[in-house]
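J.: let me see the structure of the following:
(one chain, ligands or ions: 1)
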Amino acid sequence: MDSFHLSGSIKENSKAGGGVLAESEQRHSSDNINAPLTNDNTCSLTKDFSCIYSKDLLPALSGEESTKCFFQELVNILLNYVSASFRRNSKVLDFHHPHQLKEGLEGFRLELPDQPENLEQLLVDCRDTLKYGIKTGHPRFFNQLSSGLDVIGLAGEWLTSTANTNMFTYEVSPVFILMEEVLLRKMQEIVGWSEEMGDGIFCPGGTISNLYSVHLARYYFFPEVKTKGMTDLPRLTLFTSAHSHYSVKKSAAVLGIGSENVVVVKCDDRGRMIPAELEYSIITAKDKGCVPIYVNATAGTTVYGAFDPIRVIADICERHRLWLHVDAAWGGGLLMSKRHRMKLEGIERAWSVTWNPHKMMGAPLQCSAILGLLQECNQLCAEYLFQTDKHYDTSYDTGDKTIQCGRHVDVFKLWLMWKAKGLEGFGSQVNKCLENAEYLFNKIKQRPDFELVFNSKPEHSNVCFWYIPPSLRNMPDTSNVAPKIKAQMMENGMTMIGYQPLGDKVNFFRCVISNPATQTEDVDFLLEEIARIGQDIKLQLTETN
Ligand code: ABU
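T.: Residues are numbered from 1 along each chain as shown. Coordinates of the predicted model:
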């Protein structure tokens, strides 16, 4: 059954009383969005899109049929892409260098025209945009913390774009604002906060969530900063671990605290902050006349996937009266799993939390929450937007809590996914990703041509390793092995994984598994692909050494 027939049967169900609106409601609603555009939702014409232009689509008079046909064609393109994303024999990427894409490929031109182009060209452009992009939903895409293609999440994103509204006020987002309240409340509950402790907002990504946290901490200790700026403030100091995300330093730079005033605390071999080092750093900073205000504990570091000991860090913060932020951008998803949530023990004591459902929970990008009390710190009461004499409860005009004005609706896709999976579904998804990571870890342990960066079982789904066949073990410098393999891997296009150096460790691969579509066979494929490419690289490297 194809998608259009399927929509027809939903329509019939709805008429029979099982649908979204009862028949009587449908009759009385002149703008009933459940009513088909015409009698049938399928496009009845065979359209020649080469002679149709955007001006012929809605809102043009008699533009309904062309609009319908255009969308049906587009939906076909999207559905083909979705199916290809899950097919193991399809490519993860069809790589082209920037200059090749800029020069244009087979009718796909990036340059913008002066004259309108027809819909046939636009459909080619849509197809090619997907063709030359990357399938992050492919089961063999291991490159980024965010991956996967959740069909319900995607449906949510489509609906969100169709609604095309803004999250600043209740009057333009009545349903989404309430959904955000429900969802954030749920997330706070899962973190372990009581109702009065919690507030929050969805914002554009983990870095911005972390920026909010530093902004909140500074305002908490020095509320005058909001009006008077930094002039009368002492030298503020922030603390974060050597393995934490660079966004803490970036936040200090953006907020005028200065990246040099971020103290980088030492980690153990596994990438976890050493609490004694934190306390020592705080005391040293105070001795130097600095004013410590903020500690970031990371729950799931970007490269190693390590969890800082939050409970012990919370004790230190309490002793020194410091703001505790937990950056659970990556690790927050583990709160959904009964098996793994104890890795974030102590998170309930944080004063603010970053949590990115677009990472481990697989929500489409972007979906990042900052949990914390935001209103006072950010509100400016712009009267043109946040009028206090509106006829509804204006506490639902949540836009003044943010540092943005306009804000994208990031909530609906996650709300819909939560409905579809429940807490349990998310929990199983997380468990499965971590099981696959453990499978990879065990496979690497058994192979002589691979070497783990650390030997203990992964805490998250990050597995870090080198590919070094025994014949290359004695080479003085193996830092170019991973980049060379990755380059060839991208040219082949069948899988993708990231690499990086870290501290004194030369370039190593970081495999992250956050895609529920990934199976053990994909993990096996990744290792085989690295080893296969590595055979050729080995020859090149031994020739040049
Ligand atoms: N905070 C973004 C992480 C990027 C990545 O490693 O996938």
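J.: now the strands: where do they sit in the stretch 251-400 of the chain?
T.: 262-265, 291-298, 323-328, 352-355, 368-371 (DSSP state E, counting those that start in this stretch).
J.: let's have the ones you listed in CSV, adding distance to Asp114, mean neighbour count and mean pLDDT.
T.: Yep, even glycine has a C-beta here, placed from its N, CA and C like the rest. Shown next, in CSV, are these (distance: least, CB to CB, whole Å; neighbours: other CB atoms under 10 Å; pLDDT from 0 to 100):
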stretch, distance to Asp114, mean neighbour count, mean pLDDT
strand 262-265, 49, 21, 98
strand 291-298, 50, 27, 98
strand 323-328, 47, 29, 98
strand 352-355, 45, 30, 98
strand 368-371, 39, 27, 98
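J.: quick check, pLDDT for the residue in the stretch 301-450 of the chain positioned nearest to the ligand.
T.: Residue of the stretch 301-450 of the chain nearest the ligand, by CB to the nearest ligand atom: Thr302 (5.0 Å). Looking at Thr302, its pLDDT stands at 98.
J.: any idea how far Phe386 is from Ser194?
T.: 27 Å (CB to CB, to the nearest Å).
J.: likewise Asp504?
T.: Taking CB to CB, one finds Asp504 at 52 Å from Phe386.
J.: which one's more surrounded, those two?
T.: Neighbours per residue, other CB atoms under 10 Å: of Asp504 and Phe386, the larger number sits with Phe386, 17 against 5.
J.: mind listing residues that contact stretch 409-423?
T.: 150, 152-157, 159-160, 163, 165-167, 173, 176, 179-180, 182-183, 186, 190, 202-203, 336, 357, 361-364, 366-368, 426, 429 (CB atoms under 8 Å, 6 or more residues apart in numbering).
J.: narrow these to those in strands?
T.: Phe202, Cys203, Ser368 (DSSP state E).
J.: can you pull the contacts of the first one?
T.: Under the criterion of CB under 8 Å, 6+ apart, the contact partners of Phe202 comprise Met167, Glu180, Leu184, Cys367, Ser368, Ala369, Arg407, Asp410, Val411.
J.: and Cys290, by the same measure?
T.: Pro234, Arg235, Leu236, Thr237, Asn261.
J.: now Pro501
T.: Ser479, Asn507, Phe508.
J.: how far away is Gln429 from Ser514?
T.: Relative to Ser514, and taking CB to CB, Gln429 is found at 9 Å.
J.: picking that back up, among the contacts of Pro501, who's most crowded?
T.: Phe508 (23 neighbours).
J.: isn't there a strand covering that residue?
T.: Yes. The assignment for Phe508, made by DSSP: H, G, I helix; E, B strand; the rest coil, places it in a strand.
J.: look at it and report its pLDDT.
T.: Looking at Phe508, its pLDDT is 98.
J.: same question, Arg127
T.: In this prediction Arg127 is given a pLDDT of 97.
J.: again, but for Ala16
T.: For Ala16, pLDDT reads 35.
J.: grab the nearest non-local neighbour of Met197.
T.: Leaving out its chain neighbours, the residue that sits closest to Met197 by CB to CB, 6 or more residues apart in numbering is Gln188, at 7.2 Å.
J.: show residues contacting stretch 256-270.
T.: Under CB under 8 Å, 6+ apart, the answer for stretch 256-270 is 214, 218, 229-230, 235-243, 248-253, 273-274, 277-278, 281, 285, 290, 304, 306, 454, 456, 459.
J.: contacts for stretch 328-341, please.
T.: Taking CB under 8 Å, 6+ apart as the rule, stretch 328-341 contacts 145, 190-191, 206, 209-210, 245, 298-302, 305, 307, 343-344, 347, 353-357, 359-361, 368, 423, 426-427, 429-431, 434, 460, 514.
J.: derive a ChimeraX selection command for the buried subset of these.
T.: In ChimeraX, this line selects whichever of the contacts of stretch 328-341 come out buried by 16 or more other CB atoms under 10 Å:
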select :145,190,191,206,209,210,245,298,299,300,301,302,305,307,343,344,347,353,354,355,356,357,359,360,361,368,426,427,429,430,431,434,460,514
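J.: okay, and the helix or strand of this structure with the least pLDDT?
T.: helix 3-13 (a mean of 33; mean pLDDT, DSSP states H and E).
J.: what about Leu440, helix or strand, and which?
T.: helix 411-446 (DSSP states H and E).
J.: got the buried residues for that helix?
T.: 411-418, 421, 426-434, 436-437, 439-441, 443-444.
J.: the spatially closest residue to Lys131 that is not a sequence neighbour: how many residues sit nearby?
T.: Nearest non-adjacent residue to Lys131, counting by CB to CB, 6+ apart: Asp94, 6.1 Å away. By other CB under 10 Å, the residues close to Asp94 number 15.
J.: and Asp94, how far from the ligand?
T.: 21 Å (CB to the nearest ligand atom, to the nearest Å).
J.: OK, contacts around that residue?
T.: Asp94 neighbours (CB under 8 Å, 6+ apart): Lys131, Tyr132, Gly493.
J.: which one of these is nearest the ligand?
T.: Out of the contacts of Asp94, the member with the shortest distance to the ligand (by CB to the nearest ligand atom) is Gly493, at 19.3 Å.
J.: for the residue nearest to the closest one when sequence neighbours are not counted, grab phi and psi.
T.: Nearest residue to Gly493, sequence neighbours excluded (CB to CB, 6+ apart): Lys91, at 4.0 Å. Here is the backbone geometry of Lys91 (degrees, to the nearest 10): phi -80, psi 150.
J.: Leu105 too?
T.: phi -130, psi 130.
J.: repeat for Thr129
T.: phi -60, psi -40.
J.: and it, how many neighbours?
T.: By other CB under 10 Å, the residues close to Thr129 number 13.
J.: mind listing what the residue in the stretch 151-300 of the chain positioned nearest to the ligand touches?
T.: Per CB to the nearest ligand atom, Gly206 is where the stretch 151-300 of the chain lies closest to the ligand, at 4.8 Å. The neighbours of Gly206, taking CB under 8 Å, 6+ apart as the test, are His245, Ser247, Asp327, Ala329, Trp330, Thr354, Asn356, Lys359, Ser368.
J.: report pLDDT for the second one.
T.: At Ser247 the predicted local distance difference test score is 98.
J.: these two touch, right, it and Leu211?
T.: Yes. The criterion here is CB atoms under 8 Å, and Ser247 meets it with Leu211 at 6.9 Å.
J.: for the strand or helix carrying Glu65, name the packing helices and strands.
T.: According to DSSP H and E, Glu65 maps onto helix 64-86. In terms of contacts (3 or more CB pairs under 8 Å, 6 or more residues apart in numbering; DSSP states H and E), helix 64-86 is packed against helix 3-13, helix 119-131.
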